[in-house]
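*Asks:* Need a 3D model of the following:
(2 chains)
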There are 2 protein chains.
Amino acid sequence: MLYIGIDLGGTGIKAGVVDEKGSILLKDSCPTGAERGYADVIADMAKLAISVVEKSGHTMDEIKAIGIGLPGVMDPRTGRVPFCTNLGWHDVPIIQEMAKYTDRPVFVDNDATVAGLAESVAGISAGVENSVFVTLGTGVGGGVVLGGKVFSGSHGVASEIGHMVTVVDGELCSCGMRGCWERYASATALIREGRRLCKAKPGTALLKAVDGDAKAITAKHVIDLAKAGDPDCAALFDRYAYHLAVGLVNLINLYDPEVIVLGGGVSHAGQFLLDAVRAKLPAMVFYKDMPYARVELAKLTNDAGIIGAAMLGR
Amino acid sequence: MLYIGIDLGGTGIKAGVVDEKGSILLKDSCPTGAERGYADVIADMAKLAISVVEKSGHTMDEIKAIGIGLPGVMDPRTGRVPFCTNLGWHDVPIIQEMAKYTDRPVFVDNDATVAGLAESVAGISAGVENSVFVTLGTGVGGGVVLGGKVFSGSHGVASEIGHMVTVVDGELCSCGMRGCWERYASATALIREGRRLCKAKPGTALLKAVDGDAKAITAKHVIDLAKAGDPDCAALFDRYAYHLAVGLVNLINLYDPEVIVLGGGVSHAGQFLLDAVRAKLPAMVFYKDMPYARVELAKLTNDAGIIGAAMLGR
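*Replies:* Numbering: from 1, shown residues only, chains lettered A, B, ... in the order given. Reported below is the predicted structural model:
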């Protein structure tokens, strides 16, 4: 059987026909046009799904299920999306809307969850029973796979790992709490700390790298300077890696996965990031003499959304 | 079929014959005598197990499995207990030792895990698919039940919820890390903060309650004074409840259980504790409009260890 995977983002919709093994046979995309409201966006998703099947030379009869990954949460009891902030969605009856265009079963989940599932089917954690996928982007998202299946908890709100508090009374988070892990482990954290560094030390290499415009600092600037041995950025990155490791140890203490997969923008720091984090873990894990999760980099990048969404229906 | 549940503690061994529903038919106990070494302790466990079956009028043929809960960790791959600090155990071949005395299958898990399983079979979380049991004692232990089964992770080190860091660089923990949740949410935390209060404010009611001997402070002193409306202890307890709630929100964000069960010494504060924690959660959970875990008090108390251990083999 075949599956359709749909990666619904704030700017674009990607869809692909995917086989049992997680390989994409054909994919296509279109703009999201979120400002039009959910009904039009969902109509376009369905059209794109049907068109990729046609273009692939297959028919909808061969499609076992349609999966959708989106930057929000799905309530499995109601078939509705209570929140999808980037798209301005509130309480959207996504299953019901999709049913207007197709009789195939539709499965929906969070985009980080879907990316984690993709890695566990066709990526770095392939074949692993228990894994946690961590996206280090603007925020920190999580995809938890337990027993080979997506774990969404009892109310569909599990795996919000970015909002686990690691610093009580710390930095204010967009969610209203203080000290959420994503305030310390996201690309945004590297940027914020980079700007603070520039303010505190105007002669620092980071400020020179952005021609004195601290607003232009990206996570890559900080990482590249840390790699190049700049002491200020190296110290900043080391502190970042410590905060990242604290959260990973929490994931180990709670989920004890076989593999933790790092994805998202900051993961492009590659081996440099892995080395920094892996070096910190042995002293931080609770059971010093017991094996614990391997930390690895994501393997699938742009296609993870399509593959993982497709695998929701497997 | 019937089961034997064994609750192995630092001072005593309790064993019982338990039916499919988690009811104890007969139980008995003996001293642990941990100083004798593991071989003698395990021999006594096996003898006690065999004797409770005989006293109950049943035979070992009717026993499907023997379960053991202990204050340590089990390595499911080796059948050995790498650590059991209270008993001074290191790398103990518990399955192999038990096999000298019985041919029934033996299952071993952490005592908090076992207590959580007991609650999910015959206690407050009976019939619930996903629940987290939190023991608020000298430390903070956890028993995680997912999909109706004990969740021990990929290496048997999951559910170490007390060692989830909630306060980066905070209080030093016995595990070597700083800022573990149990440093803030255990009975020990209430005692420590009570002592600090007495040092900072010698006229406080708490110090009077212990006749000026701050070393005599227990969690109950602090809780009772907070209940009675003493402003210093009320503020201390409110801060305790906040730290407790932070960890519970982390559990919600990661496991999203249907129920969180509070057990252990501090849970004897009862409704007063529940009210304090429940009042804090709505503003702290990530999805303000989505349902989340009910927080409840443990129902089984002294027998949870026997019942839960027995249910390991079910």
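
*Asks:* So for chain A, the centremost residue is which one?
*Replies:* For chain A, the residue nearest the mean C-alpha position is residue A:112 (3.3 Å; Cα atoms, centre = their mean).

*Asks:* Could you say which helix or strand holds that residue?
*Replies:* helix A:111-122 (DSSP states H and E).

*Asks:* longest single helix anywhere in chain A?
*Replies:* For chain A, the longest helix by residue count, based on DSSP state H, is helix A:231-255.

*Asks:* what angle sits between that helix and helix B:231-255?
*Replies:* Helix A:231-255 runs at 80 degrees relative to helix B:231-255, counting by axes from the mean of the first three to the mean of the last three Cα atoms, to 10 degrees.

*Asks:* immediately after helix A:231-255, which helix or strand?
*Replies:* That would be, after helix A:231-255 and using DSSP H and E, strand A:259-263.

*Asks:* Quick check: the residue of the stretch 201-314 of chain A nearest chain B.
*Replies:* Proximity of the stretch 201-314 of chain A to chain B (Cβ to the nearest Cβ) peaks at residue A:256, 2.4 Å away. (Each C-beta comes from the backbone N, C-alpha and C, glycine too.)

*Asks:* How many residues are close by the residue nearest to that residue when sequence neighbours are not counted?
*Replies:* With sequence-adjacent residues excluded and distances taken as Cβ to Cβ, 6 or more residues apart in numbering or on different chains, residue A:256 is closest to residue B:153, at 2.4 Å. Other residues within reach of residue B:153, judged by other Cβ atoms under 10 Å in any protein chain shown, total 23.

*Asks:* quick one: residue B:153 and residue B:111, what's the gap?
*Replies:* Going from residue B:153 to residue B:111 by Cβ to Cβ, to the nearest Å gives 17 Å.

*Asks:* try residue A:21
*Replies:* 43 Å.

*Asks:* between the two, who's got more neighbours?
*Replies:* Taking neighbours as other Cβ under 10 Å, residue A:21 and residue B:111 compare with residue B:111 leading, 24 against 10.

*Asks:* The more buried one against residue B:306, yeah?
*Replies:* No. Between residue B:111 and residue B:306 there is no contact under Cβ atoms under 8 Å: 11.0 Å.

*Asks:* rewinding a little: helix/strand/coil for the residue nearest to residue A:256?
*Replies:* On the three-state scheme (DSSP: H, G, I helix; E, B strand; the rest coil), residue B:153 is labelled coil.

*Asks:* Do I have it right that it meets residue A:255?
*Replies:* Yes. Using Cβ under 8 Å, residue B:153 is in contact with residue A:255, at 6.3 Å.

*Asks:* tell me, what's touching these two both at once?
*Replies:* Counting by Cβ atoms under 8 Å, 6 or more residues apart in numbering or on different chains, the residues touching both residue B:153 and residue A:255 are residue A:130.

*Asks:* hang on, residue A:30 in a strand?
*Replies:* Yes. According to three-state DSSP, the state of residue A:30 is that of a strand.

*Asks:* pretty sure residue A:56 is in contact with residue A:18, am I right?
*Replies:* No. Under the criterion of Cβ under 8 Å, residue A:56 is not in contact with residue A:18, lying 10.0 Å apart.

*Asks:* which residues touch the residue of the stretch 51-200 of chain A found nearest chain B?
*Replies:* Going by Cβ to the nearest Cβ, chain B is nearest to residue A:153 of the stretch 51-200 of chain A, at 2.4 Å. By Cβ under 8 Å, 6+ apart, the residues touching residue A:153 are A:159, B:130, B:255-257.

*Asks:* tell me the least confident of these?
*Replies:* Across the set of those, residue A:159 stands lowest in pLDDT, at 87.

*Asks:* Report the secondary structure state of the most far-flung residue of chain A relative to its centre.
*Replies:* Taking Cα atoms, centre = their mean, the residue of chain A most remote from its mean C-alpha position is residue A:203, at 35.4 Å. Residue A:203 falls in the coil class when you classify it by three-state DSSP.

*Asks:* And it, its phi and psi?
*Replies:* Main-chain dihedrals, residue A:203, degrees, to the nearest 10: phi -90, psi 0.

*Asks:* Please determine how far it is located from residue A:230.
*Replies:* Relative to residue A:230, and taking Cβ to Cβ, residue A:203 is found at 12 Å.

*Asks:* same question, residue A:160
*Replies:* 34 Å.

*Asks:* which residues in the stretch 151-300 of chain A form strands?
*Replies:* Counting by DSSP state E, counting those that start in this stretch, the stretch 151-300 of chain A has strands at residues A:259-263, A:294-297.

*Asks:* Got the phi and psi for residue A:19?
*Replies:* Dihedral angles (degrees, to the nearest 10) for residue A:19: phi -90, psi 180.

*Asks:* Near it, how many residues? Count them for me, please.
*Replies:* 12.

*Asks:* can you check residue A:69 too?
*Replies:* 33.

*Asks:* in what helix or strand does it lie?
*Replies:* Short version, using DSSP H and E: residue A:69 is in strand A:63-70.

*Asks:* what does residue A:54 give?
*Replies:* Counting by DSSP H and E, residue A:54 is part of helix A:38-55.

*Asks:* what mean pLDDT does that helix have?
*Replies:* Helix A:38-55 comes out at a mean pLDDT of 97.

*Asks:* just checking, what packs against that helix?
*Replies:* strand A:2-8, strand A:12-19, strand A:24-31, strand A:63-70, strand A:89-92, helix A:94-98 (3 or more Cβ pairs under 8 Å, 6 or more residues apart in numbering or on different chains; DSSP states H and E).

*Asks:* Convert the C-alpha atoms of the last one to PDB, please.
*Replies:* It refers to helix A:94-98. What follows is helix A:94-98 as a C-alpha-only set of coordinates in PDB (Å, rounded to 0.1, in the frame of the first residue of the first chain):
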ATOM      1  CA  ILE A  94      -9.500  19.300  10.000                       C
ATOM      2  CA  ILE A  95     -10.800  15.700   9.700                       C
ATOM      3  CA  GLN A  96     -14.300  16.800   8.800                       C
ATOM      4  CA  GLU A  97     -13.000  19.300   6.200                       C
ATOM      5  CA  MET A  98     -10.600  16.700   4.600                       C
END
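
*Asks:* Which elements pack onto it?
*Replies:* Counting by 3+ Cβ pairs under 8 Å, 6+ apart, helix A:94-98 packs on helix A:38-55, strand A:63-70, strand A:80-84, strand A:106-110.

*Asks:* Distance to residue A:100 for the ones you listed - can I get that in TSV?
*Replies:* Shown next, in TSV, are the helices and strands packed on helix A:94-98 (distance: least, Cβ to Cβ, whole Å):
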stretch	distance to residue A:100
helix A:38-55	8
strand A:63-70	13
strand A:80-84	15
strand A:106-110	11
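
*Asks:* Of the ones you listed, which is nearest residue A:169?
*Replies:* strand A:80-84 (25.8 Å; Cβ to Cβ).

*Asks:* how is chain A carved up into domains?
*Replies:* Domain assignment for chain A by automatic domain parsing gives A:2-123+A:302-311, A:131-297.

*Asks:* thinking again about what came up before, list the contacts of the residue nearest to the centre of chain A.
*Replies:* A:133, A:135, A:141-143, A:159.

*Asks:* check these against chain B, which are close?
*Replies:* Filtering those for neighbours of chain B using Cβ under 8 Å from any Cβ of the partner chain leaves residue A:159.
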